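Predicted model and sequence follow; I will ask about them next.
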Amino acid sequence: MTTTEWAGAATIVDGPGGYTGVDATPEWAEEVRRLARERNATLLAHNYQLPAIQDIADHVGDSLALSRIAAEAEEDTIVFCGVHFMAETAKILSPDKTVLIPDERAGCSLADSITADQLREWKADHPDAVVVSYVNTTAEVKGLTDICCTSSNAVDVVASIDPDREVLFLPDQFLGAHVKRETGRDNIHIWAGECHVHAGINGDELAAQSRSHPDADLFVHPECGCATSALYLAGEGFVPDDKVKILSTGGMIDAARETGAKQVLVATEVGMLHQLRKAAPGIDFQPVNDRAACPYMKMITPAALLRCLREGADEVHVARDVADRARLSVQRMIAIGNPGSGE
Ligand code: 13P
Ligand code: SF4
């Protein structure tokens, strides 16, 4: 450690849930900014990050917006405060940049729900199908994919495919069901994967919450186990149709700025509430499930970010041949559909 470095860094502790031991004080924030400048690094944070990480980032957004920002970043280094597949996607798009993630153990249960070998087998059963993979997949899986998508542009991506071609959609079954419904396609095969955080936000909780808050809007992420139930509630007249909005995390921010509602029930990971409350301070945002916290997203702690910037770790590597195979599918993703949302 040089004499110019902040003494608070000496307290970093490594544990099974990640790095701890550092509070997000103004001194921490000053040191993070100083180290980021020294490395010529830009800090990107997903909407599910801890509030302190969101507040120190240069850009906060959804997966699509952050991928686009990463692709165009001018800095030498991208520090991705999110989970591993997001940092990997940034590396695929910008192979000559240094991409760091504050804790490489920050994985994703959804990305783990399909392997490259499983996809190879699935493709062999449907040799003429177009493969659409959610961005929540490994680089190897992206390398076997025709077009990637995020929750923000999944419907647009599938709608862009010749209606006569079969589609393999993976790995999220709830997002897949949403896309199937929205596009009206019946030649779409859906992998049975799920995100354990979103799958835990179920229809019963949503129904109970909407009954006790009858005037509230419902913002529902399409990865949720309740997404189908949200539409069912609307279809059955339990809640007015225009109150249920199926949205990506970035789409929720845009909708928050536009809604006339005084209260909004939010069905997604709880980190989202921070940006929503900043975007629309006059609205009362309530989580449908206040236990829906992603343990991987929460591994990016103030201690982890400090360690990352001090040590240049953990660096994200994607083998050149894998990145080259995956790049086209990711470039197609960032070219299609709505602008995503990030700033
Ligand atoms: P979006 O930001 O694309 O809505 O993604 C949500 C998510 O679960 C990322 O892991
Ligand atoms: Fe993966 Fe779910 Fe966490 Fe998003 S919330 S990173 S999909 S485990």
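On my side now, so go ahead. Ligands and ions are numbered 1, 2, ... in the order given.

For the rest of this, base every contact and every neighbour count on C-alpha atoms.
Noted.

Helix, strand, or coil at the closest residue to Arg120 other than its chain neighbours?
Computed as Cα to Cα, 6 or more residues apart in numbering, the closest residue to Arg120 that is not its neighbour in sequence is Leu144, at 7.6 Å. Put simply, Leu144 is coil when judged by DSSP: H, G, I helix; E, B strand; the rest coil.

Ok, the one 4 residues further on next?
Counting by three-state DSSP, the backbone at Cys148 sits in strand.

can I assume it is in contact with Leu328?
No: applying Cα atoms under 8 Å, one finds Cys148 not in contact with Leu328, separated by 9.0 Å.

The two: who's more crowded?
Ranked by neighbour count (other Cα atoms under 10 Å), Cys148 and Leu328 place Cys148 first, with 30 against 18.

hang on, the earlier thing: since we're on the residue nearest to Arg120, how many residues are nearby?
Neighbour tally, Leu144, other Cα under 10 Å: 20.

same question, the one 3 residues further on
Neighbours of Ile147 under the rule other Cα under 10 Å: 28.

Test for you: state the pLDDT assigned to the nearest residue to it once chain neighbours are set aside.
Once flanking residues are discounted, Ile147 sits nearest to Ser329: 4.3 Å by Cα to Cα, 6+ apart. The model reports Ser329 with a pLDDT of 96.

Over to Pro339?
57.

For ligand 2, give me its nearest residue in this protein.
Cys108 (3.7 Å; Cα to the nearest ligand atom).

Next, the residue nearest to Ile147: phi, psi?
phi -70, psi -30 (degrees, to the nearest 10).

OK, contacts around Met272?
Contact analysis of Met272 by Cα atoms under 8 Å, 6 or more residues apart in numbering lists Asn47, Tyr48, Thr249.

Need the buried ones from those selected in ChimeraX.
Buried members of those, defined by 16 or more other Cα atoms under 10 Å, are picked up in ChimeraX with:
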select :47,48,249
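
so of the contacts of Met272, which ones are in helices?
Under the assignment DSSP state H, the contacts of Met272 contribute Thr249 to helices.

What I need now is the contacts of Met272 written out in a markdown table, including pLDDT and distance to ligand 2 for each item.
Listed next are the contacts of Met272 as a markdown table, based on pLDDT from 0 to 100; distance: Cα to the nearest ligand atom, whole Å:
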| residue | pLDDT | distance to ligand 2 |
| --- | --- | --- |
| Asn47 | 95 | 10 |
| Tyr48 | 96 | 8 |
| Thr249 | 90 | 10 |
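
Among the contacts of Met272, find me the one that's closest to ligand 1.
Checking the contacts of Met272 against ligand 1 with Cα to the nearest ligand atom, the nearest one is Thr249 at 4.0 Å.

And the chain, what are its domain boundaries?
Per automatic domain parsing, the domain ranges recorded for the chain read 7-108+296-319, 111-194, 201-287.

how much space between the residue positioned nearest the centre of the chain and Ala71?
Geometric centre of the chain, nearest residue: Ser63, 4.5 Å, by Cα atoms, centre = their mean. Per Cα to Cα, to the nearest Å, Ser63 is found 12 Å from Ala71.

sorry, back to before: in contact with the residue nearest to Arg120: list those residues for me.
Ala116, Leu119, Arg120, Val131, Arg325, Ala326.

Now do the contacts for the last one.
Which is Ala326. Ile92, Ala139, Glu140, Val141, Lys142, Gly143, Leu144, Thr145 are the contacts of Ala326 under Cα under 8 Å, 6+ apart.

wait, the third one sits on Ala116?
By that I understand Glu140. Yes: taking contacts as Cα under 8 Å, Glu140 lies within contact range of Ala116: 5.9 Å.

Just the pLDDT for Ala256.
Looking at Ala256, its pLDDT is 96.

whoops, Ala129 was the one
At Ala129, pLDDT is 98.
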